[in-house]
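> Can you look at this prediction? I've put the sequence above it.
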Amino acid sequence: MKPGSGRPEEVRFSPADYAARLRLAMPENEGAEIWRQDAAESRNQDLQRLAEEIRNYLAAPRGMTEEERKGYGERLNRAVLGFPRERAEILAVITDRLIRQRIHRLPGGHHPYRSLADALFAEVVGLNVLELVLANKEGLEEIQVVGTRIYEVRGGEAVMSEHRFASVKEVERIQQNLVLYNNDRITPRKRWAEVSLSDGSRVTLTGFGFTAEPTLTIRFYTVRHYDLDTLCAEEYGTMDKQVKELLLAVLHVRRNLVVIGATNSGKTHLLKALLAELPDEERIITIEGRHEMMLGRDFPAMNVIEYEVDEEDPLHRSMQAFKLALRQSPRRIVHAEIRDEDANIYVRACTRGHSGSMTTVHANELEDVPEAITDMCMLDGRAMNAERLARRITRYVTQVGIEMRIIGGKRRVARIGAYEWREGSTHVRNLAVYDEQRNGWMMDEEAVRGTISGWKGAV
């Protein structure tokens, strides 16, 4: 009570004093444990705050020119995807940033890394458990993450990895790192993103709300040599010498060909090997949704124009690319994949002087291809006779069909056939078929001689 006031003395509340009394009232071990948990949580929050500052620092554009800024972004992406040289460069950038800010450690902080820079690198760049997968990168073609599960693709076959993420939060962190370094975001309005590197490696990401679980697919660029002789080697086993000679004859007489096969079965690799056999001076135009063949990069002397189309942009759709391409004197047009929107214009290109063109189609069997293309052409609403259109496609668009499959762990030319229109329907005459029991290709010599003679007579 204050002197002369007649009222009890008012006592101020002290949070620190109250917390001390609580600790004294607890059993000794329990109070110590709570103190340790609070301290650990505080250190973790400090690390997260510093990690966010470093993440934003790395994401800021660097370079005086657009080319320099693009190169820096490329190095960031490669660092996140596990490329050793770029990882060392980005770790040096983080270390330099900490030195400039005179931050050597977190107050009272401890972490399982050699330095604070290593701890921050693991948070803002590192791939968490994928680091263990990348440690064995020999033959690794693709990493597929679905939720916390990880699959490794080698030799075209996906196998469940022995490693997995502890939680989907770690997957989402890696996703955000990748898109942030590409000036993009995965948000409630846009729950997907794609990242492409100049060497052909590609990353596709989806988030909650678009897929049932977050996904991350990293497809590495692994093939370095593109020619038919290489594909004949035992290491690849894609074809043998007889199949190679048959394909060279197809190129020489300028037959239009179509390749079918499952994802990752070697369709693009085969197309690129075929194009590598052509003279550099021959004008080629490629049309792709994403640059994958990279002919200009791998064959710098080749007379090639490479279109990358965007179906969501009316000014840069495949239809516009075809219109421009037809005015650029192409000898051959290579269309990565026929889709509904451009089926008609590709058919026109094949029937109006651009023989020797190539494309891929999603179909189960070679016999299904002309019908599949016919269906796509009919979708544009124009009145067309389906049978007449199918006959035209069989005769002039799908003259030669190649089926790719993964057999015995290798990407093989499973079948080569010549298309014929007989008795009102499409027929495929087998020229070469891979025999799994004999582990080799069976050639129909008579069919090959007759077909090639017919081709030469038509040239």
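Looks like it arrived, so ask away.

> Helices of the stretch 151-300 of the chain, start to end?
Counting by DSSP state H, counting those that start in this stretch, the stretch 151-300 of the chain has helices at residues 168-180, 228-232, 241-252, 267-276, 295-298.

> of the ones you listed, which approaches residue 335 most closely?
For the helices of the stretch 151-300 of the chain, proximity to residue 335 was assessed by Cβ to Cβ; helix 267-276 is nearest, at 10.0 Å. The C-beta positions use only the backbone N, C-alpha and C, and glycine is treated the same way.

> what about the closest one, distance to the chain center?
18 Å (Cα atoms, centre = their mean, to the nearest Å).

> Give me the neighbour count for residue 196.
Residues within reach of residue 196, counting by other Cβ atoms under 10 Å, total 18.

> Looks like it contacts residue 202 (just checking).
Yes: counting by Cβ atoms under 8 Å, residue 202 is a contact partner of residue 196 at 5.1 Å.

> Report the beta-bridge partners for the nearest residue to residue 146 once chain neighbours are set aside.
Distances taken as Cβ to Cβ, 6 or more residues apart in numbering place residue 215 nearest to residue 146, at 5.4 Å, with adjacent residues excluded. Beta-bridge partners for residue 215, by DSSP bridges, are residue 146, residue 206.

> separation between residue 215 and residue 249?
Distance, residue 215 to residue 249, by Cβ to Cβ, to the nearest Å: 43 Å.

> what's the spacing between stretch 271-285 and its chain's center?
24 Å.

> What residues sit buried inside it?
Within stretch 271-285, the residues scored as buried using 16 or more other Cβ atoms under 10 Å are 271, 272, 273, 274, 275, 276, 278, 284, 285.

> what about the strands in the stretch 201-350 of the chain?
According to DSSP state E, counting those that start in this stretch, the stretch 201-350 of the chain carries its strands in the segments 202-206, 215-219, 257-261, 284-288, 304-308, 332-335.

> For residue 100, find the nearest of these.
strand 202-206 (31.0 Å).

> Tell me which residues are up against that closest one.
Residues from elsewhere that reach strand 202-206, judged by Cβ atoms under 8 Å, 6 or more residues apart in numbering: 77, 81, 175, 178-179, 186, 191-196, 214-219, 290, 292.

> When you filter those down to buried only, what's left?
77, 81, 175, 178-179, 186, 192-193, 195-196, 214-219, 292.

> ok, the residue positioned nearest the centre of the chain to residue 162 distance?
Nearest to the centroid of the C-alpha atoms of the chain, with distances taken as Cα atoms, centre = their mean, sits residue 202, at 3.1 Å. Residue 202 sits 25 Å away from residue 162, going by Cβ to Cβ.

> With distance to residue 432 and mean pLDDT as new columns, can the strands of the stretch 201-350 of the chain be given to me in CSV?
Shown next, in CSV, are these (distance: least, Cβ to Cβ, whole Å; pLDDT from 0 to 100):
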stretch, distance to residue 432, mean pLDDT
strand 202-206, 32, 90
strand 215-219, 29, 92
strand 257-261, 13, 95
strand 284-288, 25, 93
strand 304-308, 28, 93
strand 332-335, 22, 93
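
> would you turn the ones you listed into a markdown table with distance to residue 365?
Shown next, in a markdown table, are these (distance: least, Cβ to Cβ, whole Å):
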| stretch | distance to residue 365 |
| --- | --- |
| strand 202-206 | 28 |
| strand 215-219 | 26 |
| strand 257-261 | 8 |
| strand 284-288 | 25 |
| strand 304-308 | 30 |
| strand 332-335 | 20 |
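
> hey, which of the helices of the stretch 151-300 of the chain is tucked in deepest?
Neighbour counts averaged per stretch over the helices of the stretch 151-300 of the chain are highest for helix 267-276, at a mean of 22; criterion: mean count of other Cβ atoms under 10 Å.

> Looking at the helices of the stretch 151-300 of the chain, which is nearest to residue 117?
Comparing those by Cβ to Cβ, helix 168-180 comes nearest, at 16.4 Å.

> Tell me which other helices or strands the closest one touches.
helix 28-59, helix 66-80, strand 192-196, strand 202-206, strand 215-219 (3 or more Cβ pairs under 8 Å, 6 or more residues apart in numbering; DSSP states H and E).
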